[in-house]
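Engineer: Take this sequence and fold it.
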Amino acid sequence: MFAILHRALSRSRFNAVALALCVASACALASNGAALDARLTEIREVNRIVPERALPMLEAIEDQARVAPLPQRIEFLNQMASARYGMGQHAQAVALANELIALGRQHDHPGALAKGLLMQGYAAFAQHRPGESHRLIWEAEKLANTTNDIDLRVRAAISSGESHAEEGNLPRALQGLQSAAGLARSSSDPVHTVMALYSLAHLYLQMREPEKGFAVLDEAYAAAASANSPGRTMLLKRMEYGLAMDTGQNERALRALQEGLALERKLGAFNRIAGTLVNLSDWYLKMGDYRNAVVYAQQTIEAARPLNDRGLDAIAHLNLGQAFLATGRLVEGKRHIETGIAGFEEMGDKPELQTALVEYGVALERAGDLPGALKAYHRERTLSNELFEKRRQKAMLELQEKYEAERKQRQIELLRSENTIKSAEIDNRRLQQRVWWLVLVVIALAAVVVGLLYRKVRHANAQLHAKNHELKQQSVRDPLTGLYNRRHFLEYMRALPAATPAMAGVDGVGALFLLDVDHFKHINDTHGHAAGDTVLTTISASLAEILRETDMIVRWGGEEFLAFLPSVPRDRMDEVAARILGGINAIVIDHAGVQISVNVSIGFAPFPLAVGTQVMAWERVVNLVDMALYMAKSHGRNRAYGVRSFADGERVNLDVIEQNLEHAWRSGQVDMTIVHGDPDMLRAANA
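Structural biologist: Coordinates of the predicted model:
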């Protein structure tokens, strides 16, 4: 019966019913789509600030979002990947990024591709693959700029600028982040402006331009207030902390941390609370409030555990260890610091590892554990030399690439000139066949062209000679101070003829002086790295005035300088050390209206140096001078310890001396001298 009735329906009635059903279905889909769009927009801002709250909200709509139209599916996958990444779940974030890329390729959707590549870039950076991360982010930026998605374009521009900053290309980073800020300001969403200005302020902090950073921060606070976004205000508090610490505004820094922590707890931003707690621990440690430093470090370790954040955990253990060492709890302190150092070694973060070793050595020295401090000092020195050499090699490679590019350009210009000559010769032959009486004119013109080309070649050769000279200078000079670099010194010493015992015994010998700037890290922390650079360049200039033109002055690495004096009376080396100490002590550096005084510690010894009839290799003499320098630092700084000679060769064991120079000195195996930089102490010592 139903089939009969169904067939009897008129076509018009069927069409009307079908149309009604389609309209109803479309309305329902549109309504559901609009609701899903609104929900994703609502979750987006939560996700950027508190991913642990956003993740369950996204999981609740996953079934609906995965069958939604393409734009909503893309936005859902992007937010889910961001939430996983924010929770430290990098493998899941990459899997979702791969889904985005597959969708983008399937539907030829550049926005989906860009979002997937950005997330892959973030994950690569979190897994300590910066080169791969930057490549992915720059590729994503190109795709993002082909879309009308303003949120995506702003995020890609910010990430691109930050990548250039991470590679050390600060001018390119500044250009990119200023463009990102301009793009954000042109949008109708103040949140975009806060995002871009936050990164720009961070760049100014890296560039040691805190005044510009504070100006950008003020604009960002205004934008966050306009957006009525406590989450964005919370992020800006952390930036204010960094700028305040860099400019010595310690109380403002503490206030920013406390206000930021209150907002984080109010918003439930547990993934950010751990970072603020470790900053609070660090602040109290610097202020000497070890009880609070311990409290906040322990809270950080607990907060970082569910986040799987190895870096935060390592820093917290370092702070905890330093606080314990400062209060006399040596065993616990060492255990926590070694745990933190192991974390940085596991992550391969060598710059942070170097800083940790410096702080470890200082803390052990203050605690009275000089052998432990010496061990940390040598670990840091080895790592510092490795990093210094890598930076030098990178600079040389960049200069070589620049030189090769210029050379290729000159070759192209010469080839073009040669082609011009050949073309002129062909034209001359044709003209000779047609008009013989124009030969003389053509020859004259050719002579002019050849003359011009000859001048060009001479000019190119002169430029090549200048570039070769520049390259040679760059290979032997330190770019900051203009002093000789470590590589040049090593090559010079290897080229010296072998010394003999007779040479080591004469009155006029050479000498090696190794200098280290006292409390240099404190100068950087208090006044900023620009002040530290000014200190290094000022000391370099002073050494050039204090020593002779024939003396070789070397930037040995970081804040260390080495001076090689090819000829000096053996009994005048103390006088040279006193002259260096007094000359550096007399320096007063004016940086940004602040007067900075500096002093140095010195280790020195004659060269060549013999033990009985055995002449020590220059490398061993440098190592001995390095140990004398450490003795100067561990006995109060602003002084020089010099090795004069050794006892009878049968009583001397060089291996024992090189393990503990101070013990060898006190047991009579080594004759040493002490020169004080403080005039009062020098008078007391002479009396």
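Engineer: For Ala112, give its distance to Val670.
Structural biologist: Ala112 sits 71 Å away from Val670, going by Cβ to Cβ, to the nearest Å. For glycine as for every other residue, the C-beta is placed from the backbone atoms N, C-alpha and C.
Engineer: If you could redo that for Ser634, that was the one I meant.
Structural biologist: In terms of Cβ to Cβ, Ser634 sits 16 Å off from Val670.
Engineer: So which of Ala112 and Val670 has more stuff around it?
Structural biologist: Neighbours per residue (other Cβ atoms under 10 Å) separate Ala112 from Val670, with Ala112 holding more: 28 against 21.
Engineer: Tell me which helix or strand that one sits in.
Structural biologist: Applying DSSP states H and E as the criterion places Ala112 in helix 110-126.
Engineer: Show the average pLDDT along that helix.
Structural biologist: Average pLDDT, helix 110-126: 91.
Engineer: could you point out where the stretch 501-650 of the chain is predicted with low confidence?
Structural biologist: 502-505, 649-650 (pLDDT under 70).
Engineer: try it again with 50
Structural biologist: Within the stretch 501-650 of the chain, no stretch has pLDDT under 50.
Engineer: repeat for the chain
Structural biologist: Using pLDDT under 50, the flagged stretches of the chain are 1-30, 681-687.
Engineer: centroid residue for it?
Structural biologist: Central residue of the chain (Cα atoms, centre = their mean): Glu166, 6.3 Å from the mean position.
Engineer: Spit out the contact partners of that one.
Structural biologist: 125, 130, 134 (Cβ atoms under 8 Å, 6 or more residues apart in numbering).
Engineer: One more: Gly340?
Structural biologist: Contacts of Gly340 (Cβ under 8 Å, 6+ apart): 313-318, 321, 356.
Engineer: Check Arg172 too.
Structural biologist: 161, 164.
Engineer: buried ones in the helix or strand hosting it?
Structural biologist: For Arg172, the enclosing helix or strand under DSSP H and E is helix 170-186. Across helix 170-186, burial judged by 16 or more other Cβ atoms under 10 Å covers 173-174, 176-178, 180-181, 183-184.
Engineer: From the residues you listed, pick the one nearest Val594.
Structural biologist: Leu174 (25.4 Å; Cβ to Cβ).
Engineer: which non-adjacent residue is nearest the closest one?
Structural biologist: Leu203 (6.2 Å; Cβ to Cβ, 6 or more residues apart in numbering).
Engineer: pretty sure that neighbour contacts Gly176?
Structural biologist: No. Counting by Cβ atoms under 8 Å, Leu203 does not reach Gly176; the two are 9.3 Å apart.
Engineer: Just the buried positions in stretch 634-653, please.
Structural biologist: 634, 638-644, 646, 652.
Engineer: from the residues you listed, which ones fall inside helices?
Structural biologist: The members of the buried residues of stretch 634-653 that map onto helices under DSSP state H are Ser634.
Engineer: Now distance to Glu338 too, for the buried residues of stretch 634-653, in TSV please.
Structural biologist: Converted to TSV, those look like this (distance: Cβ to Cβ, whole Å):
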residue	distance to Glu338
Ser634	21
Asn638	31
Arg639	31
Ala640	33
Tyr641	29
Gly642	34
Val643	32
Arg644	38
Phe646	36
Val652	34
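Engineer: picking that back up, quick check: neighbours shared by Leu203 and Gly176?
Structural biologist: In contact with both Leu203 and Gly176: Gly161, using Cβ under 8 Å, 6+ apart.
Engineer: returning to what we had before: can you state the direction angle for the next helix or strand after the helix holding Arg172 and helix 170-186?
Structural biologist: Next along the chain after helix 170-186, taking DSSP H and E as the criterion, comes helix 190-206. Angle of helix 190-206 versus helix 170-186, following axes from the mean of the first three to the mean of the last three Cα atoms, to 10 degrees, is 160 degrees.
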